[in-house]
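K.L.:
with the sequence up front, the predicted model follows.
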Amino acid sequence: MIDLSRRRLIKAGIAGGALLAIAGGVAWFARSVMDKSAPRTLDPDASGIVRAIVPAMLSTALPSREPGRAIAIDETVAAVDRAIAGLAPASRAEISQLFALLALAPGRRVFAGVASPWAEASENEVDAFLRAWQSSGWALKRTAYDALHQLVIAAWYANPRSWPTIGYPGPPSLAV
């Protein structure tokens, strides 16, 4: 028979509380030493999805040569991450659900029509998915496309790297 005395119950509670405090301290420490340049809202799967979408959405707007193209894509993914971080919690949750659905192989295949993993998907495959969602009869897909489109386009055209291609000289400097 198990001895469930009051003293034993208190000791177990204290030990459990101490264990939780230690685990919380370890988690806090791990978060504090993480790379500060890592995405704040995009997990690796979501980041990979955005990384696949950016070249398809921006196509010829991106630099055509490496390493400029890769840098532009990285900057755009980071800017999308910052934009999502600034959204209301409900909007962030909806975008997170969208990325979670697209990250799963069945969701990617059934809802996006992309057979390859995002990192291996061709620009044509991703472009076909985006066009299908843009003109879908299902309002939810059109809304998801609009959200992705607005995030990527705003992230790219807010980047000074994009300004020369559209003839924008940049914001005026204010003389003091």
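P.N.:
Received, thanks.

K.L.:
helix, strand or coil for residue 64?
P.N.:
Classification of residue 64 by DSSP: H, G, I helix; E, B strand; the rest coil places it in coil.

K.L.:
wait, what's in contact with it?
P.N.:
Going by Cβ atoms under 8 Å, 6 or more residues apart in numbering, residue 64 touches no other residue. Where C-beta positions appear, they are placed from N, C-alpha and C, glycine not excepted.

K.L.:
from residue 55, how far off is it?
P.N.:
11 Å (Cβ to Cβ, to the nearest Å).

K.L.:
next: residue 109.
P.N.:
With the distance defined as Cβ to Cβ, residue 109 ends up 21 Å from residue 55.

K.L.:
who has more neighbours out of these two?
P.N.:
Comparing residue 109 with residue 55 by other Cβ atoms under 10 Å, the one with more neighbours is residue 55, at 18 against 12.

K.L.:
grab the nearest non-local neighbour of the more buried one.
P.N.:
Counting by Cβ to Cβ, 6 or more residues apart in numbering, residue 55 lies nearest to residue 123, which is 5.3 Å off, once chain neighbours are set aside.

K.L.:
does that neighbour touch residue 56 like I think?
P.N.:
Yes. The criterion here is Cβ atoms under 8 Å, and residue 123 meets it with residue 56 at 5.2 Å.

K.L.:
more crowded one of the two?
P.N.:
More crowded of residue 123 and residue 56, by other Cβ under 10 Å: residue 56, with 19 against 14.

K.L.:
element containing the more buried one?
P.N.:
Assessed by DSSP states H and E, residue 56 sits inside helix 44-58.
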